[in-house]
Structure formats: structure tokens, C-alpha cells
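**Q** sequence plus the predicted model coming up.
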Amino acid sequence: MNRIFKVYMLVAITLIASCTELEEEPVGQLAPATFFTTLRDVETAVLGGYGLIASEQYYGRKLTTTLILRGDMGDIGNPGTPARRIDVNNFTMDDNNGMILSFWPRMYEVIGAANAAVAGAQQVRVTADLLEEEARELDALEAEAKFIRAFTYYHLVRIFGDIPYVDDYFDEPEEIEASFTIGKTPQAEVYANIIADLEEGAAALPDVPVARSRPGKGTALSYLASVHLTLGNYQEAYAAARQVIEQRDAFEYGLSDDYQLLFDATVSASQNESIFHIDFLGAVLGGSGINTDWFGTMTGVRGGNPNGWGVIVPNFNVFEQWDERDYRKAVSMSDSFLLSAQNEILPYDSFPQEKRPHIAKYNRFCGNSTNNCGQSDHNYHAMRYAEVLLTAAEALNEINGPTAEALGYVNEVRARARNTPTGMNEFPFDVEGGISQDAFRELVLEERRLELSFEFGRWYDIKRRQIGPEVFAADGLEPHDNFNPERDYLMPLPGDELTQNPNLGPQNFGY
């Protein structure tokens, strides 16, 4: 824990300011009392938090790769890839795994940026003479910083369980020294703090944010619905999701007409279906991994055009079992590709390296990027309106069973899936009445798996529904006979953090 706070909490504004400009030019060790004097100073800190999220260590590769490989949809394609990725996929990771050693400190840096912004907002509120409109904007910026904090803690608590929860900016020597020995916070308390931050966002954020890469009121409500669904608070999950659905016009939400548009980097940012996305700037490289996106390259075909690394591919069972009539399959995966050497489109069994279908969502239309689809223009969807509809359906089923309203939400998602560039398909069919509560529960979970395929959330569904023994069984999508539900629903805390700060112990079970 020493590294987390010594590197970031003490000099948060140094990185914040440099992240905003995508440069690595330190501006000094500045504390809220001396740095934050205006609204724009607070906004700089908020934007710095987004810069850290849009980095190689977070959404550009490390966290996203970990989440896909941990689930049952993505598999290792290139067997020569570093062992840290293979160990995540095969449930053989230890507390020295390079993936967690990378994204854990980056995520706490994001939290440090958010905490600095909150402290700065409180400083400006006291010291600056603000007009009424400026005061409202300051409230929204503080709520935005708290959303960033909640977003990151939501990932951390689901991955690690009990974790250190920090919501203060440390700039006094005694505070900094105390932070080096901080212990873990029970996950129930972490979730309560996440909910509190999101509730503040639902009250203070604007109906329509300046961009989908920043939160609005509907963003906070959508995440409240997700958090409550994870906790099994189905009435609260339904209520929050229902608010989003009822106010979709005010929030400017709706399903995109064409599913493919959501994964075309040239237009995805303009889609009203996006509730919150992580925005990368094509062909722009920042320091310290900022704005570094390699996910299109990680999933592309080696020897293809554009060239990829073939590291993450779909499990073959996923490809074989997905109905060919579902347009979402063609958008999500490629079974053929333009190969540079032959200058022709060849089927996957003719690929020079990984003879597997490949993930297409991030390599087919990556916009302005390097020649291998790296440093892309992608806007990675962290929350879509389709997910809110499915959350409402799942929660309502747990409350009242498969009502007509619950079925309607799933059918709305399926209706969009039938709309293809060449006309309307008949498949996937609408869900009809008469289905049992248990069957509808399984159906919604399956609909989430397909609709949100390769979007970094499947592992969380497996974990919250405790279906690991089923999906990793011999007849599951990705057999792993060593999956241990007592161990593998959590990942290990970074071993070097435990060495530096024993108060973080005990280590998670089995590591």
C-alpha cells in the first residue's frame, strides 16, 4: 500500500495536470489548498481521472484483458503470450501476477485523482465567490469526481472483495504516514460508499452530459441499478433502471438502430445507446500509458490486415453454439479475414497462426489508429442502454416473476438485434408468455452474454450468479477442471503490497 499513496496521493495533481494534456510534464507537488482556486482547476482534476482510466493499465489493455480471459467467452489464442495472461485464463494466477500488479496501482491513482478533485471542489466552495450557476456547476463537478471514484471501486470490490477504501486526499505529513499502513475495508462498507457516491450523482449531475465519456444523471442511475443487481437488492435495482427507462428521452438514451454502429469507432461516440464509455484518441500517445489502447491489436488476426496479435480469441464453443441467424454473432466475431500475404479473404482454418474465429468488435472498425489497430479511436462501452433494459428485466423477474413488462424489455433488445443492414431478420424470436421464473432468469442471463459479448462484463455475471462450476464444467463453454468457487471468485491481492503493508492481510483464500 506504500506505493499507492506515496506515488500518487502525495503528488496527485502532478499527474492530473499532465494527463489532461496527454503529456508527461510535471507541474509540481501541489495540494488542494494551493492548486484549486477556480472551477476550471476542479475540472482539470476530473479530466485527469478520465485520462488515467483511458490508459494501458486500465481500459486500454490490462484490466479489460483480465476480465475477458477470466470469463467463459474469451480464451488464449497465441500460446506464446506472457504467462501472466495464461494464468488469469487458466485459474493458475498467484499474487505476483503481472496483470493485477499493473491495474491495481493505476486504479488507486484514479481514486487519488477523484479524491483530489473532491477536496478541490470543497476548497473552491469555501474560498471562491461563486455565482449561483457556478455553484451548481461546482456541485456537478464534485459529483462527477465521486462517480469516477465509485466506478473504479465498483471494479475493485468485485475483483478483490475487501479492499482499502480511501475517500480523502492526503497532504499533511501525518496523514500520508498513516496511509502507508491502511487496512482493508469490508466489502459491504465499500458497496455502501459506492451507492452513496452514485446517489449524489443522480441528484447533482446534469440530465445530458457534455459527452458520453462523462456521466450524467442517467449514468449514475444506471450504475446504481447495476450495483443493486450485484448485491441482490432487486427492488432497488428495478427502481433505478426503471427511472432511466422512464426518463430516456430527457437523458437522450435509446437503442442504436444497427448493432454494428456501437463498435464502429468513427460513429460509436454519437450513439444514444452509450450511457458511459471510455474515450480513446486515435493515434495519440500520452506518457505513463495514458491514451494507450491495444485491445484491437490484442484481438486481431496475426498476419491479417490490419495485423493483430491473436492473443484473445473467442472460445470455440461460443462460436459454434451461437445461432448463425443472430446478427450480433457476425458483428461480434469474424470467421474469415483479409490476410496481407495472400491479399485475399480466407476462412479461419486458413489463418497462418491461431486457426480460430476472432473477436471483431474492436478490430473491424477501429477508426484513426496505427496500422495494427492499436492506439485506436474506440469508445469502449462501460454501460449501454441495452444493459439497463436487461437489468430491469432480471430484477423484475426476481420480484414478480416474468411479467409482460419484464418480457418486453428483453424483446426490445431482441427486436434491435433483428435489424440488419440488409433488412429485418426473424431471429432472435420474441420471448413469449408462459415461461417460468427460473427459465426466464436463465434466459436473461444468456441474453446478457450474447448482447454484451466481449464487453468485459461476463465475468461479473458469472461471479454474482455463482455459476462458475457450471460454465467451467466439462460440458461448459470453457472447461476448467481446477476452478474452485471458494478461491476463484476473487483474485489475489498484490503480493508486493502485502509485503510493504502487512495490515492489508490476510491474503484472499487460496493464494
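**A** Cool, got the structure.
**Q** residue closest to the middle of the chain?
**A** Closest to where the C-alpha atoms of the chain average out (Cα atoms, centre = their mean) is Ala382, at 4.6 Å.
**Q** what strand or helix carries that residue?
**A** If you go by DSSP states H and E, Ala382 is part of strand 379-384.
**Q** pull up the pairing partners for that strand, direction included.
**A** strand 274-279 (antiparallel) (DSSP bridges).
**Q** where do the strands sit along the chain?
**A** Remark: strands assigned in the chain by DSSP state E are 74-76, 274-279, 312-314, 333-334, 336-339, 344-347, 358-359, 379-384, 419-420, 423-424.
**Q** weakest of those in terms of mean pLDDT?
**A** When those are compared on average pLDDT, strand 336-339 comes out lowest at a mean of 83.
**Q** so which elements touch it?
**A** strand 344-347 (3 or more Cβ pairs under 8 Å, 6 or more residues apart in numbering; DSSP states H and E). Placement of C-beta: from N, CA and C, glycine included.
**Q** wait, which of the strands of the chain is closest to Ala45?
**A** Minimum separation from Ala45 across the strands of the chain (Cβ to Cβ) falls at strand 274-279, 17.5 Å.
**Q** C-alpha coordinates for the closest one, PDB please?
**A** Below are the C-alpha coordinates for strand 274-279, written out as PDB (Å, rounded to 0.1, in the frame of the first residue of the first chain):
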ATOM      1  CA  SER A 274     -24.000   4.700 -25.000                       C
ATOM      2  CA  ILE A 275     -24.600   5.700 -21.300                       C
ATOM      3  CA  PHE A 276     -20.900   5.700 -20.400                       C
ATOM      4  CA  HIS A 277     -17.900   4.900 -22.500                       C
ATOM      5  CA  ILE A 278     -14.100   5.200 -22.200                       C
ATOM      6  CA  ASP A 279     -12.900   7.500 -24.900                       C
END
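**Q** which parts of that strand are buried?
**A** Of the residues in strand 274-279, 274-279 count as buried by neighbour count, 16 or more other Cβ atoms under 10 Å.
**Q** looking at those, spot the one nearest Glu405.
**A** Closest approach to Glu405 among the buried residues of strand 274-279 (Cβ to Cβ): Ile275, at 20.5 Å.
**Q** so who does that closest one touch?
**A** 212, 218-219, 222, 244, 253, 383-385, 387-388 (Cβ atoms under 8 Å, 6 or more residues apart in numbering).
**Q** against Gly254, how distant is the nearest residue to Lys361 once chain neighbours are set aside?
**A** Nearest residue to Lys361, sequence neighbours excluded (Cβ to Cβ, 6 or more residues apart in numbering): Phe263, at 4.3 Å. Distance from Phe263 to Gly254, counting by Cβ to Cβ, to the nearest Å: 17 Å.
**Q** neighbour count for these two, which is higher?
**A** Neighbours per residue (other Cβ atoms under 10 Å) separate Phe263 from Gly254, with Phe263 holding more: 24 against 13.
**Q** surely the more buried one and Arg364 touch.
**A** Yes - the criterion here is Cβ atoms under 8 Å, and Phe263 meets it with Arg364 at 7.1 Å.
**Q** mind listing residues that contact stretch 469-478?
**A** With Cβ under 8 Å, 6+ apart, stretch 469-478 has contacts from 71-73, 75, 315, 317-318, 321, 462, 479-481, 483, 485.
**Q** farthest pair within those?
**A** Gln321 and Pro485 (23.5 Å).
**Q** between those two, which has more neighbouring residues?
**A** Neighbour count, other Cβ under 10 Å: between Gln321 and Pro485, Pro485 has more, with 12 against 9.
**Q** what sits against Asp72?
**A** 315, 318, 458, 462, 471-472, 476-478.
**Q** I'd like to know which of the residues you listed is nearest to Tyr234.
**A** Ile462 (18.7 Å).
**Q** what number of residues lie near that closest one?
**A** So Ile462, with other Cβ under 10 Å, has 22 neighbours.
**Q** the stretch 201-350 of the chain: helices as residue ranges?
**A** 217-231, 234-246, 248-251, 295-299, 316-321, 327-332 (DSSP state H, counting those that start in this stretch).
**Q** take the ones you listed and write them to JSON lines, including distance to Lys184.
**A** JSON lines is the format used below for the helices of the stretch 201-350 of the chain (distance: least, Cβ to Cβ, whole Å):
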{"stretch": "helix 217-231", "distance to Lys184": "19"}
{"stretch": "helix 234-246", "distance to Lys184": "25"}
{"stretch": "helix 248-251", "distance to Lys184": "36"}
{"stretch": "helix 295-299", "distance to Lys184": "31"}
{"stretch": "helix 316-321", "distance to Lys184": "36"}
{"stretch": "helix 327-332", "distance to Lys184": "37"}
